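>>> Quick one, structure for this:
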Amino acid sequence: MKVAFVSTFDSENILSWSGLGFFISKTLENAGIDLYYIGNLKIKTDLSYKVRFRVHKKFLKKELPLNREKYTLKKFSEEVKDNIQPGTDLILSLGSLPVSFLTSSIPVIIYTDCTFNQTVNYYSSFSKYSSGTIKRGNRLERMAFNKAKKLIFTSDWAAKSAIEDYGVYPGRIKTIGFGANIAEGLSEDEVLSSVKDKSTEECNLLFVGVEWERKGADIAVQVMDRLRAENINAKLYLVGLKQVPPKLSKHIINIGFLNKNEQEGSQMLKCLYKKAHFLIVPSRAEAYGLVYCEANAFGVPALATNTGGIPSIIRNGVNGFIFDPEASIEDYANVVKRYFSDPARYYGLALNAYNEYKNRLNWGVVGKQLVEEIKEVVNSEK
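Now for the predicted structure:
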């Protein structure tokens, strides 16, 4: 079975889009799919865009995203069509952008973590779009969705938007989450051993994320402070943040950026997960949340917010806990205290977290589900 693997970026580069294009494609290749890549699509502008961009920026104080322009997406679709190889059975597109204007008899599957309408109403970085941009973006998204034989979303949250905001028939939708982007994890015996070896004297919290505000690092700091105020010897390890406040408590260890695709960074992150009792990333906005899958791969329960696609990863009380956005710091601290003070209870939670990774949140399982959907679409065309 021959599949065109389409993305706007370079899917063969593990550093692009958090490595998702790389891991998805390798998963499909390992499952026996004959895959070839169409990516690094060229973004082109016309004179009309340049004029409107200046007007939006200077007078309207609005952003004009080039990747939601009709001209750009037409060029994307033309480039995709020009690179389709003979004998291709299916086009798998990461996101809707490459296929909005695609004209081809070959069936299309779109695999993505959210819809355009969700980003506009959700992420602050999308808040400066004009009403015209939003209208155009939604129209282009609907065009792409209508061309797809099947839409695969990573969460029920995203799937619901496709149905309610774009009128997609539920029978054309499938929910398949992403797997943990880990090249080399731990064996089951190693996970069980690391859980048993965790300190009972020091409660170690781990935060992994790039953005302080959006990822809720401030909440993680307050949770640690609350635990210490209640005589829990808590420490917080921060990984990946671009910027941190100038003064941090001596009980907060800022590791900085770790490249997990390099041996040194990967080993350091592995050591931090083995040491951590909880991952705490209470994001204020999150379409999916790969970091929760990765934490579970090391038997680390995750503490997160009930928002976006997170509830499709974290099953409350099973592999972690999700809290309402309005939850108090005490709510988080109480959960940590309850499990940290009871090693047997914590061991059960950690084991459940690893089992969720093993049974649901890894690329092996995800790959099988994707292959089933690909075969179903291809066979339906025969």
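>>> Residue 74 versus residue 134, what's the distance?
Distance, residue 134 to residue 74, using CB to CB, to the nearest Å: 19 Å. Placement of C-beta: from N, CA and C, glycine included.
>>> elements contacting the lowest-mean-pLDDT helix or strand in the chain?
Within the chain, no helix or strand scores below helix 47-55, which has a mean of 83 by mean pLDDT, DSSP states H and E. Helices and strands touching helix 47-55, by 3 or more CB pairs under 8 Å, 6 or more residues apart in numbering; DSSP states H and E, are helix 70-82.
>>> how about the strands of this protein, start to end?
For the chain, applying DSSP state E gives strands covering 2-6, 34-38, 90-94, 108-112, 150-153, 173-175, 203-208, 234-239, 252-256, 278-280, 302-305, 320-323.
>>> Of these, which is nearest residue 128?
With CB to CB, the closest approach to residue 128 among the strands of the chain belongs to strand 108-112: 22.3 Å.
>>> Now do the same for the closest one: mean pLDDT, whole number.
The pLDDT scores in strand 108-112 average 98.
>>> for stretch 340-348, same thing?
97.
>>> Tell me which residues are up against that stretch.
Applying CB atoms under 8 Å, 6 or more residues apart in numbering, the contact partners of stretch 340-348 are 195-196, 198, 200, 203, 232, 277, 338-339.
>>> Just put the strands of the chain in CSV and tack on distance to residue 80 and mean neighbour count.
As requested, these are exported to CSV (distance: least, CB to CB, whole Å; neighbours: other CB atoms under 10 Å):
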stretch, distance to residue 80, mean neighbour count
strand 2-6, 6, 22
strand 34-38, 5, 17
strand 90-94, 7, 24
strand 108-112, 10, 23
strand 150-153, 17, 24
strand 173-175, 22, 18
strand 203-208, 34, 25
strand 234-239, 37, 22
strand 252-256, 38, 15
strand 278-280, 38, 27
strand 302-305, 36, 26
strand 320-323, 38, 22
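>>> if we can go back for a sec, in the least confident helix or strand of the chain, what counts as buried?
Neighbour counts over helix 47-55 (16 or more other CB atoms under 10 Å) mark 49, 52-53 as buried.
>>> Quick one: neighbours of the spatially closest residue to residue 22 that is not a sequence neighbour, just the number.
Excluding its sequence neighbours, the residue lying closest to residue 22 (CB to CB, 6 or more residues apart in numbering) is residue 14, at 4.4 Å. Using other CB atoms under 10 Å, the number of residues around residue 14 comes to 18.
>>> And residue 14, what's its pLDDT?
pLDDT, read off for residue 14, is 89.
>>> any chance you could read off phi and psi for it?
phi -70, psi -10 (degrees, to the nearest 10).
>>> That one touches residue 261, doesn't it?
Yes: here residue 14 reaches residue 261: they are 5.3 Å apart, a contact under CB atoms under 8 Å.
>>> quick one on the thing from earlier: for residue 38, state which of the buried residues of helix 47-55 is nearest.
Of all the buried residues of helix 47-55, residue 38 sits closest to residue 49, with 23.7 Å by CB to CB.
>>> and the gap between the closest one and residue 217?
From residue 49 to residue 217 the distance is 36 Å (CB to CB).
>>> do residue 299 as well
For residue 299, the distance to residue 217 - CB to CB - is 23 Å.
>>> who's more crowded, these two?
A count of neighbours by other CB under 10 Å puts residue 299 above the other of residue 299 and residue 217, at 29 against 26.
>>> May I have the phi/psi pair for that one?
phi 70, psi 30.
>>> can you offset everything so residue one is 281?
Done: numbering now begins at 281, and the last item shifts to residue 579.
>>> Isn't it up against residue 630?
Yes: with contacts counted by CB under 8 Å, residue 579 reaches residue 630, the gap being 4.6 Å.
>>> tell me, what's touching those two both at once?
Jointly contacting residue 579 and residue 630 under the rule CB under 8 Å, 6+ apart are residue 475.
>>> how about residue 400, what does it touch?
Counting by CB under 8 Å, 6+ apart, the residues that residue 400 touches are 406-407, 409, 414, 417.
>>> Closest to residue 588 out of those residues?
residue 406 (13.4 Å).
>>> didn't the closest one look like it was pressed against residue 399?
Yes: Residue 406 lies in contact with residue 399 (CB under 8 Å); the separation is 4.8 Å.
>>> So the nearest residue to residue 414 once chain neighbours are set aside versus residue 347, what's the distance?
In space, and not counting its chain neighbours, residue 414 is closest to residue 400: 5.5 Å by CB to CB, 6+ apart. Applying CB to CB, the value for residue 400 to residue 347 is 14 Å.
>>> for residue 607, same thing?
Counting by CB to CB, the gap from residue 607 to residue 347 is 35 Å.
>>> Equivalent analysis for residue 549, please.
31 Å.
>>> Settle it for me: which of those two has more neighbours?
residue 549 (21 against 14).
>>> I figured the more buried one was touching residue 539, is that so?
No: contact criterion CB under 8 Å: residue 549 and residue 539 do not qualify, at 9.3 Å.
>>> how much space between residue 337 and residue 309?
Distance from residue 337 to residue 309, by CB to CB: 43 Å.
>>> oh, I was asking about residue 443
When distance is defined by CB to CB, residue 443 is 32 Å away from residue 309.
>>> so residue 392 touches residue 438, yeah?
Yes: when contacts are counted by CB under 8 Å, residue 392 is listed as touching residue 438 (7.2 Å).
>>> Could you tell me which residues make contact with residue 655?
Contact analysis of residue 655 by CB under 8 Å, 6+ apart lists residue 281.
>>> and the gap between it and residue 476?
In terms of CB to CB, residue 655 sits 42 Å off from residue 476.
>>> what's the answer for residue 463, then?
Residue 463 is 25 Å from residue 476, by CB to CB.
>>> Also residue 423?
In terms of CB to CB, residue 423 sits 54 Å off from residue 476.
>>> which of these two has more neighbours?
residue 423 (18 against 10).
>>> Could you report the neighbour count for the closest residue to that one other than its chain neighbours?
Closest residue in space to residue 423, ignoring its immediate chain neighbours: residue 380 at 4.7 Å, by CB to CB, 6+ apart. Neighbour count for residue 380, taken as other CB under 10 Å: 23.
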